[in-house]
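Asker: turn this into a model:
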Amino acid sequence: MEFTLQGTAPGTNARAGLIQTDHGQIETPIFMPVGTVGAIKAVHVREMKEEVKAQIILGNTYHLYLRPGMETLRAAGGLHKFNGWDRPILTDSGGFQVFSLSDNRKLTEEGAHFRSHIDGSRHLFTPESVVDIQRIIGSDIMMALDECPPGQSSREYASKSLDLTMRWLRRGWQHFKETEPLYGHNQTFFPIVQGCTYPDLRRRAASEVADLGAEGNAIGGLAVGEPTEVMYEMIEVVNEILPADRPRYLMGVGTPANILEAIDRGVDMMDCVMPTRNGRNGMLFTDHGIMNMRNAKWANDFSPIQEDGAAEVDRIYSKAYLRHLFIAQEILAMQIASIHNLAFYLSLVRQAREHILAGDFAQWKAWKVQEVTRRL
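Answerer: Alright, predicted model coming up:
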């Protein structure tokens, strides 16, 4: 994988760049739609390309490992061939999913022991096995196994958790270097910076991660219960240390405003389930604010969903019709809303990139944050 820095924005740490992978290039800053089980919920691959204009999507190691399983994915030739997506794919290591199973998991030096949420069967993720699993999935970018401590963790817990994550990281990094891709395309490995909300722990983790010299690095353990301003502070602390010539991936964040603030602080890659999850529940993000499509105010509004929107569905369907579909519990409502939200998120980061390259990102962002956070 190669990363080329193409421009920076005066008065901020915002950057525009280009990531080159064997499955195509990615213009940064970039938002990556989440396809947990190998599919973006309610959205077809064709729509992901033509309407959403996604350049890279995510798959989830935990979920794909349990279902359809490694035997099926290996026989298919990896996730790209299995789901028909021929552009880049990033997979997380499953660490966050194991973290969320707090009642059904146990962390040891060996790895993360857990019970399947599907059938209760017992499993073990080790730093080495999640590399092997991601080799079988065939993702272009794979993540290290880590523990994601809650945002309000005590310093003692956060420190012990970070120590374990860093020991796991060194094992996973070594195993990655000792193994080869299975399907003829290159794969890269991103370490993850943890450390909860403690600046000194974050600095220590970022320094150790930077010393590995990986082709890209990730920031994890944020947007998990800590105040938003603390999240922004931790991004700043970490990005002061992570190398500027490698892409920086902020995991699991967030709202449109979160994304703009992260870009301002030097983040290049982001993902979140919010566009599709909130969309399926009737919340639409737009360039002009947030709409709850179940509200009665839209019942007789026959104007387009967003006349200047990024997706064709924005102009085909009216607000009144989309509200009708949600009230009638029609599946099409979830599809339209998901396409709209994802297309908006991708449009937002494209706009950010354009303003970074034009040199006026700071002024544009200050105005745009106010626009996208309004309730319509």
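
Asker: what bits of the chain have low per-residue confidence?
Answerer: In the predicted model of the chain, residues 102 satisfy pLDDT under 70.

Asker: okay, which residue is most central for it?
Answerer: In the chain, the residue lying closest to the centroid (CA atoms, centre = their mean) is residue 271, at 1.9 Å.

Asker: quick check: it vs residue 252, distance?
Answerer: 7 Å (CB to CB, to the nearest Å). Where you see a C-beta, it was placed from the backbone N, CA and C, and this is true even at glycine.

Asker: just residue 25 next, same as before
Answerer: Following CB to CB, the distance that separates residue 25 from residue 252 is 24 Å.

Asker: C-terminal to the helix ranked longest in the chain, what's the next element?
Answerer: Using DSSP state H, we find that the single longest helix of the chain is helix 331-358. Next in sequence after helix 331-358, counting helices and strands by DSSP states H and E, comes helix 361-372.

Asker: what angle sits between that next one and helix 331-358?
Answerer: Using axes from the mean of the first three to the mean of the last three CA atoms, to 10 degrees, the direction of helix 361-372 lies 160 degrees away from that of helix 331-358.

Asker: may I see the buried residues of helix 361-372?
Answerer: Along helix 361-372, these residues count as buried under the neighbour rule (16 or more other CB atoms under 10 Å): 361, 364-365, 368-369, 372.

Asker: please enumerate the strands of the stretch 51-200 of the chain.
Answerer: For the stretch 51-200 of the chain, the strands identified by DSSP state E, counting those that start in this stretch occupy 57-60, 89-92, 105-107, 112-115, 122-125, 141-143, 188-190, 192-193, in order along the chain.

Asker: looking at those, which is buried most?
Answerer: Neighbour counts (mean count of other CB atoms under 10 Å) averaged over each of the strands of the stretch 51-200 of the chain peak at strand 192-193, with a mean of 30.

Asker: against which helices or strands is that one packed?
Answerer: Helices and strands touching strand 192-193, by 3 or more CB pairs under 8 Å, 6 or more residues apart in numbering; DSSP states H and E, are helix 199-212, strand 217-219.

Asker: hmm, try it at 6 Å
Answerer: Under the contact definition 3 or more CB pairs under 6 Å, 6 or more residues apart in numbering; DSSP states H and E, strand 192-193 sits against helix 199-212.

Asker: CA atoms only for the helix it packs on, dumped as PDB, please.
Answerer: Output of helix 199-212 as PDB, limited to C-alpha atoms (Å, rounded to 0.1, in the frame of the first residue of the first chain):
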ATOM      1  CA  PRO A 199      -3.000  11.600  27.400                       C
ATOM      2  CA  ASP A 200       0.200  10.000  28.700                       C
ATOM      3  CA  LEU A 201      -1.100   6.500  27.900                       C
ATOM      4  CA  ARG A 202      -2.200   7.700  24.400                       C
ATOM      5  CA  ARG A 203       1.300   9.200  23.800                       C
ATOM      6  CA  ARG A 204       3.000   6.000  24.900                       C
ATOM      7  CA  ALA A 205       0.900   3.900  22.700                       C
ATOM      8  CA  ALA A 206       1.300   6.300  19.700                       C
ATOM      9  CA  SER A 207       5.000   6.300  20.100                       C
ATOM     10  CA  GLU A 208       5.200   2.500  20.200                       C
ATOM     11  CA  VAL A 209       2.900   2.200  17.200                       C
ATOM     12  CA  ALA A 210       4.900   4.700  15.200                       C
ATOM     13  CA  ASP A 211       8.100   2.800  15.900                       C
ATOM     14  CA  LEU A 212       6.700  -0.200  14.200                       C
END
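
Asker: which of residue 25 and residue 252 has more neighbours?
Answerer: Between residue 25 and residue 252, counting by other CB atoms under 10 Å, residue 252 is the more crowded of the two (19 against 15).

Asker: how about the more buried one, what does it touch?
Answerer: Residues counted as contacts of residue 252 (CB atoms under 6 Å, 6 or more residues apart in numbering) are 223, 272.

Asker: about what we covered before: what's near enough to touch the closest residue to the residue nearest to the centre of the chain other than its chain neighbours?
Answerer: Once flanking residues are discounted, residue 271 sits nearest to residue 32: 4.2 Å by CB to CB, 6 or more residues apart in numbering. Taking CB under 6 Å, 6+ apart as the criterion, residue 32 is in contact with 56, 58, 271.

Asker: and the second one, how far from residue 141?
Answerer: The gap separating residue 58 from residue 141 is 9 Å, by CB to CB.

Asker: who touches both of these two?
Answerer: With CB under 6 Å, 6+ apart applied, the overlap between the contact sets of residue 58 and residue 141 consists of residue 90.

Asker: from residue 30, how far off is residue 278?
Answerer: According to CB to CB, residue 278 stands 20 Å off from residue 30.

Asker: neighbour count: the two, which is higher?
Answerer: Under the neighbour definition other CB under 10 Å, residue 278 and residue 30 were set side by side, and residue 30 has more, 25 against 19.

Asker: the more buried one pairs with what?
Answerer: When assigned by DSSP bridges, residue 30 has beta-bridge partners residue 269.

Asker: so it makes contact with residue 269?
Answerer: Yes. With contacts counted by CB atoms under 6 Å, residue 30 reaches residue 269, the gap being 5.4 Å.

Asker: need the residues touching each of the two.
Answerer: Shared contacts of residue 30 and residue 269, defined by CB under 6 Å, 6+ apart, are not found at any residue.

Asker: measure residue 125 to residue 61 for me?
Answerer: Counting by CB to CB - residue 125 and residue 61 are separated by 8 Å.
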